[in-house]
Structure formats: structure tokens, C-alpha cells
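> Let's see this in three dimensions:
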Amino acid sequence: QVQLVESGGGSVQAGGSLRLSCANSGYTYTCMGWFRQAPGKEREKVASIYSRDGVTAYADSVKGRFTISQDNAKNSLYLQMNSLKPEDTAMYYCAAETSIFNCRWNVYNYWGQGTQVTVSS
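Below you'll find the predicted structure:
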């Protein structure tokens, strides 16, 4: 059964750091990613990684501040978030996909429940 469980969200002041984790039930995915959605805004992809070769991609708004990584031995995905800004406040979701075609088009079919990140100024 596909299961993604996020953890690590919380409240932090601007300039602080948080590390999000996503536990994977052990299923093998082609790509995984982190998305976020703030109230009244569309969901956006923050970062993604291809499971096989580790190739990553980032939204311009987080480049240089966020780092996505994976630990295949632990079936885990991470998002290290540094220099957090109030505009980073959102619900963050872990997502995964098995189809290489869907990965290339940023279409993800497997989602976690989300973890809230709140950054105060």
C-alpha cells in the first residue's frame, strides 16, 4: 500500500531553519517531490528529485535556501529549509510518482497528508 507520511513542520522565526521528512512505505518511486500550498494560493512545486540518479530541481523562490535529499536505505525523503521567510509559510506536501512521463510533466499521483510550516517575521 502506498503511504507517504510527512513530519518536521512547525513554527519558526524568519531566518530560521526546519527539516521536513517524508517516510515512504517502501514502494519504489521514479521521482519524489515537495509541494506547498498557502491559503488562497495555488499549490506549487518546491523541489523534486529523481530516485535513481538523484537529479534535483528547485523552484526559483527557494534556490540556494532549500535542499531536497533522499535516503533510499531508510525509504525517506527530506527537505532542509534554511533562511526561511514569512512567504514560505504554507502546508508542505510530500509527493511521489512511478511514471517517468508523469515525472517529467510534474504530475504526481501519490501524496502525503501534509505538514504545516509557519514562518513569523
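> and the gap between the residue nearest to residue 61 when sequence neighbours are not counted and residue 49?
Nearest residue to residue 61 in three dimensions, chain neighbours excluded: residue 87, at 7.7 Å (C-beta to C-beta, 6 or more residues apart in numbering). (Each C-beta comes from the backbone N, C-alpha and C, glycine too.) Distance, residue 87 to residue 49, using C-beta to C-beta, to the nearest Å: 23 Å.
> Nearest residue to the middle of the protein?
residue 34 (1.9 Å; C-alpha atoms, centre = their mean).
> Which other helices and strands does the helix or strand harbouring it contact?
Per DSSP states H and E, residue 34 falls inside strand 31-37. Packing partners of strand 31-37 (3 or more C-beta pairs under 8 Å, 6 or more residues apart in numbering; DSSP states H and E): strand 18-24, strand 44-50, strand 66-71, strand 76-81, strand 90-97.
> in the fourth one, what counts as buried?
By neighbour count on 16 or more other C-beta atoms under 10 Å, the buried set for strand 76-81 is 76-79, 81.
> For residue 14, which residues are in contact?
84-86, 119-121 (C-beta atoms under 8 Å, 6 or more residues apart in numbering).
> what's the answer for residue 42, then?
With C-beta under 8 Å, 6+ apart, residue 42 has no contacts at all.
> next one: phi and psi at it?
Phi and psi for residue 42, reported as degrees, to the nearest 10, are phi -80, psi 150.
> Check residue 82 too.
Listed backbone geometry of residue 82 is phi -120, psi 160, with angles given as degrees, to the nearest 10.
> gap between the closest residue to it other than its chain neighbours and residue 81?
Residue nearest to residue 82 in three dimensions, not counting chain neighbours: residue 17, with 4.7 Å by C-beta to C-beta, 6+ apart. Using C-beta to C-beta, one gets 6 Å for the distance from residue 17 to residue 81.
> ok, now residue 31?
20 Å.
> Also residue 43?
For residue 43, the distance to residue 81 - C-beta to C-beta - is 17 Å.
> go on, residue 99?
28 Å.
> Please apply the same query to residue 49.
Taken as C-beta to C-beta, the span from residue 49 to residue 81 is 15 Å.
> ok, back up a step: please narrow the contacts of residue 14 to those residing in strands.
119-120 (DSSP state E).
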